[in-house]
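**Student:** quick one: sequence and predicted model below, then my questions.
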Amino acid sequence: MSRSKSGAGVGFPGRLFKPTGPITSWHIAATYIGTVVGAGFASGQEILQFFAAFGGWGLLGIVVASLGFALLGAFILYLGQRLQTRSHHPIFMHTCGPVLGRFIDALVTLFLFGAMVVMLAGVGAIFREHLGLPAAWGVAGTMVLALLTVLYGLSGVMAANTVIIPVMVILILGISTYSLNHHGLIIADLAFTAPGLAAAPHWLLAALLYISYNLILSVPVLAPMGKAAPNPGVLVKGALVGGLVLGLLSMMLTLVQMAHFPKIAHYQVPMLYVVRPYSEALRISFALVLWAEVFTTLIADLYGFATRLSQYRGWSYRWTAAGSLLTAASFSGIGFSTLVGTLYPLLGYTGLIFLLGLLVRLGKLMLGKKFY
């Protein structure tokens, strides 16, 4: 495939990264959080299946996941800086070797498409179940905004996250605190489990799967951010803040869901069930914020998928992005909770290979072994 002198690649909209100022730890943290917090997380569906279903043990799983996001996210950013990569391909080749690396690269590219389907299905569920609007309207409008955003490349993805993430964090913490104060939480709630809803047979395996599939889907955004960051310190701080905030949000949402078992388990978007007794304005505001969080993950997945596919095939980045969205929309009628419960655990098991490769490389680095 031919490349321009700037390395932008065939069909790319000029330089993909045009920051208006220095890249800070907050830019990295916000984009990291926005990539992870998508339809499954913000809606409560992921939290329900990977943590809340295990009761009190799920809280320990959140601690494991938060530490994993902070440590391994920082290492992926570091690899992106050291390898000076614009896509996820070199990261997988470096951590898993040429054979497994190519396999995981292809599989992740495919799963990025699947994740787009999940995001669009989530949009449909939010508009249909809690805004009382046709799902097709929400999906169509979201597709247009997503395409306009990714045409600005990684700078567009980062700009969207730095605006949306602070609002999301404040609102989720506020809603969770109010809900726990209003409904209360007793010891019996922590002991309640729902194994039939769990994404894995054991809480620790569920936490590891949660780390692995979220990390593996974050690489397409983390790697180029690592390349653009001014120094390793910014990367480490950004990953630490991102991991800790993700852990805090997960903990609050899990506690809220435990206080609402078992009724909450019957909803495609569990967190919107939590806010139903509150004012109409608050419920609509929360639904819109959920949509915004779905949007941030959708644009990250679309950016990663279109970047890799257009690089590999030599296609136009713009047309690849547009075609990908239209194709993903055609599959978005599948049930949202069904997609989360099947696609994500499958990706998680695949991601364990990548997780092992990351840990081996990190161990070698800490022991002073040669980087390459």
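**Tutor:** Perfect, I can see it now.
**Student:** who touches L326 in this structure?
**Tutor:** M143 (C-beta atoms under 8 Å, 6 or more residues apart in numbering). For the C-beta atoms, the positions are set from N, CA and C on the backbone; glycine is no exception.
**Student:** from V144, how far off is it?
**Tutor:** Per C-beta to C-beta, to the nearest Å, L326 is found 11 Å from V144.
**Student:** pretty sure L249 contacts V37?
**Tutor:** Yes - if you go by C-beta atoms under 8 Å, L249 and V37 touch, sitting 7.1 Å apart.
**Student:** neighbour-wise, which of those two wins?
**Tutor:** It is V37, of L249 and V37, that has more neighbours when counted by other C-beta atoms under 10 Å, with 28 against 23.
**Student:** test my guess that the more buried one contacts F295.
**Tutor:** No - in this structure V37 lies outside contact range of F295 using C-beta under 8 Å: 10.8 Å.
**Student:** can you give me the neighbour number for V117?
**Tutor:** Neighbours of V117 under the rule other C-beta under 10 Å: 21.
**Student:** same check, this time on L83
**Tutor:** L83: 18 neighbours (other C-beta under 10 Å).
**Student:** ditto for H130
**Tutor:** A total of 24 residues lie near H130 under the criterion other C-beta under 10 Å.
**Student:** and for P277?
**Tutor:** Close neighbours of P277, defined as other C-beta under 10 Å, add up to 11.
**Student:** tell me the secondary structure of it, please.
**Tutor:** coil (DSSP: H, G, I helix; E, B strand; the rest coil).
**Student:** quick check on it: phi, psi?
**Tutor:** Dihedral pair for P277: phi -70, psi -10, per degrees, to the nearest 10.
**Student:** how near is it to G351?
**Tutor:** 38 Å.
**Student:** again, but for L272
**Tutor:** 28 Å.
**Student:** cool, L67 as well?
**Tutor:** L67 sits at a distance of 17 Å from G351 (criterion: C-beta to C-beta).
**Student:** K364 and G80, how far apart?
**Tutor:** 18 Å.
**Student:** quick check: closest non-adjacent residue to D105.
**Tutor:** Distance criterion C-beta to C-beta, 6 or more residues apart in numbering; nearest residue to D105, sequence neighbours excluded, is F92 at 4.7 Å.
**Student:** buried set for stretch 26-33?
**Tutor:** By 16 or more other C-beta atoms under 10 Å, the buried positions in stretch 26-33 come out as W26, H27, I28, A29, A30, T31, Y32, I33.
**Student:** with stretch 80-96 instead?
**Tutor:** Result for stretch 80-96 [16+ other C-beta under 10 Å]: buried residues 80-83, 85-96.
**Student:** show me the contact partners of it.
**Tutor:** By C-beta under 8 Å, 6+ apart, stretch 80-96 touches 7, 9, 16, 76, 79, 100-102, 104-105, 108, 219-220, 222-227, 229, 232, 235, 304, 307-308, 311, 353-354, 357-358, 360-361, 371-372.
**Student:** residues in contact with F192?
**Tutor:** Neighbours of F192 in contact, by C-beta under 8 Å, 6+ apart: G55, M258, F261, P262.
**Student:** what do you get for M225?
**Tutor:** Here M225 is in contact with I23, H27, I28, T31, L77, G80, L154, M158 (criterion: C-beta under 8 Å, 6+ apart).
**Student:** any idea which element the second one lies in?
**Tutor:** With secondary structure defined by DSSP states H and E, H27 is part of helix 25-36.
**Student:** any idea of the mean pLDDT for that helix?
**Tutor:** Mean pLDDT, taken over the full extent of helix 25-36, equals 90.
**Student:** send the alpha carbons of that helix over as PDB?
**Tutor:** Output of helix 25-36 as PDB, limited to C-alpha atoms (Å, rounded to 0.1, in the frame of the first residue of the first chain):
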ATOM      1  CA  SER A  25      -3.000  13.600  30.900                       C
ATOM      2  CA  TRP A  26      -6.600  14.600  31.000                       C
ATOM      3  CA  HIS A  27      -7.000  14.300  27.200                       C
ATOM      4  CA  ILE A  28      -5.600  10.800  27.500                       C
ATOM      5  CA  ALA A  29      -7.700   9.800  30.500                       C
ATOM      6  CA  ALA A  30     -10.900  11.200  29.000                       C
ATOM      7  CA  THR A  31     -10.400   9.400  25.700                       C
ATOM      8  CA  TYR A  32      -9.500   6.200  27.500                       C
ATOM      9  CA  ILE A  33     -12.600   6.400  29.700                       C
ATOM     10  CA  GLY A  34     -14.800   7.300  26.700                       C
ATOM     11  CA  THR A  35     -13.500   4.300  24.700                       C
ATOM     12  CA  VAL A  36     -14.400   1.900  27.600                       C
END
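**Student:** begin at 722 from here
**Tutor:** Sounds good: first residue 722 from here, last item helix 746-757.
**Student:** tell me what it is packed against?
**Tutor:** For helix 746-757, the helices and strands in contact under the criterion 3 or more C-beta pairs under 8 Å, 6 or more residues apart in numbering; DSSP states H and E are helix 777-804, helix 874-904, helix 924-949, helix 953-980, helix 1001-1034.
**Student:** how does it look with 6 Å?
**Tutor:** helix 874-904, helix 924-949, helix 953-980 (3 or more C-beta pairs under 6 Å, 6 or more residues apart in numbering; DSSP states H and E).
**Student:** put together CSV for these, with distance to G845 and mean pLDDT on each row.
**Tutor:** Below are those laid out as CSV (distance: least, C-beta to C-beta, whole Å; pLDDT from 0 to 100):
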stretch, distance to G845, mean pLDDT
helix 874-904, 20, 85
helix 924-949, 20, 87
helix 953-980, 21, 91
